[in-house]
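A.B. asks: mind looking at a prediction? Sequence and model below.
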There are 2 protein chains.
Amino acid sequence: MKPKKRTTIYDIAEKLNLNPSSVSRALNNSNSVNDATKKLILKTAKELNYTRNTLASNLRKGHSKTIGVVVPRINQNFFSNVIAGIEDATYKQGYNLIICQSNELYDKEVQCVNTLINQHVDCIVISISVETIDHKHLQNIMDHGIQLIQFDRVADELETLKVTNDNEQSSFEAVSHMIKQGYKRVALLEGPQKLNIFRQRKIGYLRALEENGIPAIPELMIENAWTKELSANATRELLSLPQPPDAIFASTSDFSALGVLEVATAMNVKVPEELGICGYSNEDFTEITSPSITTIDQFSFYMGKTVANLYFQEMENTDTMVVPKIISIKPKLITRSSTQKS
Amino acid sequence: MKPKKRTTIYDIAEKLNLNPSSVSRALNNSNSVNDATKKLILKTAKELNYTRNTLASNLRKGHSKTIGVVVPRINQNFFSNVIAGIEDATYKQGYNLIICQSNELYDKEVQCVNTLINQHVDCIVISISVETIDHKHLQNIMDHGIQLIQFDRVADELETLKVTNDNEQSSFEAVSHMIKQGYKRVALLEGPQKLNIFRQRKIGYLRALEENGIPAIPELMIENAWTKELSANATRELLSLPQPPDAIFASTSDFSALGVLEVATAMNVKVPEELGICGYSNEDFTEITSPSITTIDQFSFYMGKTVANLYFQEMENTDTMVVPKIISIKPKLITRSSTQKS
DNA sequence: CATTAAAAAGCAATCGATTGTTTTAATTTA
DNA sequence: TAAATTAAAACAATCGATTGCTTTTTAATG
């Protein structure tokens, strides 16, 4: 289907024997155009089914009223909720969202970022992929004078606006809770330590052990158990240990926790009596497994709103300098049956 | 933060004492510019950190290389998967996605559509809200010469490109399966009949009953049970009937099915022995409930890809006329424990 | 070497809206 | 009524890239 010619301000101007500039001003409700004329223009615009060409307008105005979002995966609960939150807040301001997914691939992430830079978006919101180590592409964003906001998985060493979860604290609370419940050997399923969120969660775990006078045991800390399958494997090994853990903190996600639960059930290990389980993210399903899974809610929707509002707030600053600002949202421990030992 | 001046083709032209047109041609790899010059231009572009202003380019070219997507909710598994599928297919072609959510509100949907029209997107992909009855806004899209593709929840009376699920057939198969399993009184939880998908599912249900010589009983068909809560309530009533159903087809979603399961469990009705349950959508959690829930997979990701490819295919048509084309994807029944009576 | 063809670069208009400046028309004031 | 003020509309440049057309340069041919 070939696109047909759209009505422009010139068409309206011609029809009314006016100058395009007057039409533009009328459409923008400027008060330097006569009320009667204005009304006439508006009426004609409606008749001709006119809609402003945002491309032209934005080109002239020098901005795009568009925010680019780059996430590892759109169809992951956490991210789609954050996006929904961003959308909710930006929509009212007449902003549009361009969504890209990196699929956890560094190269695709770079590509996404470049596309967004080309699009001259006003702001880029990103949560980096697990592969991302260097940050040239992020630096590039700023070099182009585009506002950059990192959220959740952020590059610590880059000074930008950030919205994060307090991963360490929530991890600390989760593990402390398990210890208080009477679990003595709490294992940790770690995510890739390249990502700061997973590093922080490990720190929280270690701190909780220490403050409770429990020694950290290397065999109980499993690296890179960040999918359901990897966690299931890890669990099988952990439970076969001469001294198996009596609790597992799946710090990477609820999917990991689910993997743990399934293996435990299959191996006839009773949850929560013989094994406590705690996940991360408060996915919907954690409420309906049997037993239901203790987890940590990240307030993802709210996080999205926070990101958006941070941008709007920052925009009012006329300074060229960005003061790196970090907003940390405190997640909430949701205790459920899987850790109710007592 | 104020945006700084970006490098343009004029900057490059000036620096090299060339005409901007040559720069543009070089950047577009036209063969009417000398190889040496081309190389020089490319090198300088990189040095000056040049990126094309897509706004200007698209304005000139008369399209935006952007597809607008309107869905009821971004953070719903089905929709975020469709979006992921669209993104996956369009990305390779250099297209961008603008995502909007209607929140199931008619007014917001109209607003979204208008924004996208203003943005001069090349195509609008939409799944209508539950409130949407009239279709002026959809007609408006076509009046602007914008390609319109409806998916999943479509307005039947509007002749556009459509990608749908064969709801009737899948429903028919699900109910037939339950009957074959030995269930005799299969109840139906319906969604709002304003939406064609829910009408079709009901038709499939009725056809399955009829073909098996089972009478349709009005008391067993509950309207508007399309959330977990509503379904839970409906289930409580159904199970309190003098002649309660021995199976429930939650045709609206797996969340409904979950509501059914929870109530059944609470009321000590054994699933699947005393009550069979079938949901719709194949949400992740259906696999992990106990018992796991029989459901219908809609191939949502694939559906997204199909939508995108339909657009690209249609674009090659140079005719102004759109031949309304409907692609129907056949969903797949996933049988699990919740219907294994025998 | 002159002529012609082909390659490379330059020129200028265009996409549609916006906006600073100027001109014209209308109104007010002296 | 003439001068001054103000309101309304017109003019023209601009945003940055693209592209049909023209001019210049280079290479090829007789």
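C.D. replies: Received, thanks.
A.B. asks: find the least confident helix or strand in chain A, judged by mean pLDDT.
C.D. replies: strand A:96-101 (a mean of 86; mean pLDDT, DSSP states H and E).
A.B. asks: run through the neighbouring helices and strands of it.
C.D. replies: strand A:66-71, helix A:77-91, helix A:106-118, helix B:77-91, strand B:96-101 (3 or more CB pairs under 8 Å, 6 or more residues apart in numbering or on different chains; DSSP states H and E). Yep, even glycine has a C-beta here, placed from its N, CA and C like the rest.
A.B. asks: and of the ones you listed, who's closest to B:I248?
C.D. replies: Proximity to B:I248, assessed across the helices and strands packed on strand A:96-101 by CB to CB, is greatest for helix B:77-91 (20.7 Å).
A.B. asks: need the residues that contact the closest one.
C.D. replies: Contacting residues not belonging to helix B:77-91 are listed as A:73-75, A:80, A:99-101, B:67, B:69, B:71-74, B:96-97, B:99, B:125, B:127, B:151-152, B:281, B:283-284, B:298, B:300-309, B:312 [CB atoms under 8 Å, 6 or more residues apart in numbering or on different chains].
A.B. asks: switch the cut-off to 7 Å
C.D. replies: Contact with helix B:77-91 is made by A:74-75, A:80, A:99, A:101, B:67, B:69, B:71-74, B:97, B:99, B:125, B:127, B:151, B:281, B:283, B:298, B:300-305, B:307-309, as judged by CB atoms under 7 Å, 6 or more residues apart in numbering or on different chains.
A.B. asks: now do that helix against strand B:96-101, angle only.
C.D. replies: 160 degrees (axes from the mean of the first three to the mean of the last three CA atoms, to 10 degrees).
A.B. asks: is it fair to say A:A36 lies in a helix?
C.D. replies: Yes. Using DSSP: H, G, I helix; E, B strand; the rest coil, the assignment for A:A36 is a helix.
A.B. asks: number of residues surrounding it?
C.D. replies: When neighbours are counted by other CB atoms under 10 Å in any protein chain shown, A:A36 registers 8.
A.B. asks: do A:E190 as well
C.D. replies: Per other CB under 10 Å, the neighbour tally for A:E190 reads 22.
A.B. asks: surely it and A:A225 touch.
C.D. replies: Yes. Using CB atoms under 7 Å, A:E190 makes contact with A:A225 at a distance of 6.5 Å.
A.B. asks: of all of the stretch 51-200 of chain A, which residue lies closest to DNA strand D?
C.D. replies: A:R60 (3.6 Å; CB to the nearest atom of the strand).
A.B. asks: check which helices and strands the helix or strand where that residue lies is in contact with.
C.D. replies: According to DSSP states H and E, A:R60 maps onto helix A:54-61. Taking 3 or more CB pairs under 7 Å, 6 or more residues apart in numbering or on different chains; DSSP states H and E as contact, the helices and strands that helix A:54-61 lies on are helix B:54-61.
A.B. asks: check which residues of the helix it packs on are buried.
C.D. replies: B:54-59 (16 or more other CB atoms under 10 Å in any protein chain shown).
A.B. asks: what ranges does chain A have for its helices?
C.D. replies: In order along the chain, chain A carries the following helices (DSSP state H): A:9-16, A:20-27, A:35-47, A:54-61, A:77-91, A:106-118, A:136-143, A:167-180, A:196-211, A:228-239, A:254-266, A:300-315.
A.B. asks: save these as a markdown table, and put in distance to B:F198 too.
C.D. replies: Shown next, in a markdown table, are those (distance: least, CB to CB, whole Å):
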| stretch | distance to B:F198 |
| --- | --- |
| helix A:9-16 | 43 |
| helix A:20-27 | 41 |
| helix A:35-47 | 36 |
| helix A:54-61 | 36 |
| helix A:77-91 | 24 |
| helix A:106-118 | 37 |
| helix A:136-143 | 44 |
| helix A:167-180 | 40 |
| helix A:196-211 | 41 |
| helix A:228-239 | 33 |
| helix A:254-266 | 31 |
| helix A:300-315 | 27 |
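A.B. asks: let's have the ones you listed in a markdown table, adding mean pLDDT.
C.D. replies: Shown next, in a markdown table, are these (pLDDT from 0 to 100):
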| stretch | mean pLDDT |
| --- | --- |
| helix A:9-16 | 95 |
| helix A:20-27 | 95 |
| helix A:35-47 | 95 |
| helix A:54-61 | 93 |
| helix A:77-91 | 91 |
| helix A:106-118 | 89 |
| helix A:136-143 | 93 |
| helix A:167-180 | 98 |
| helix A:196-211 | 97 |
| helix A:228-239 | 96 |
| helix A:254-266 | 94 |
| helix A:300-315 | 94 |
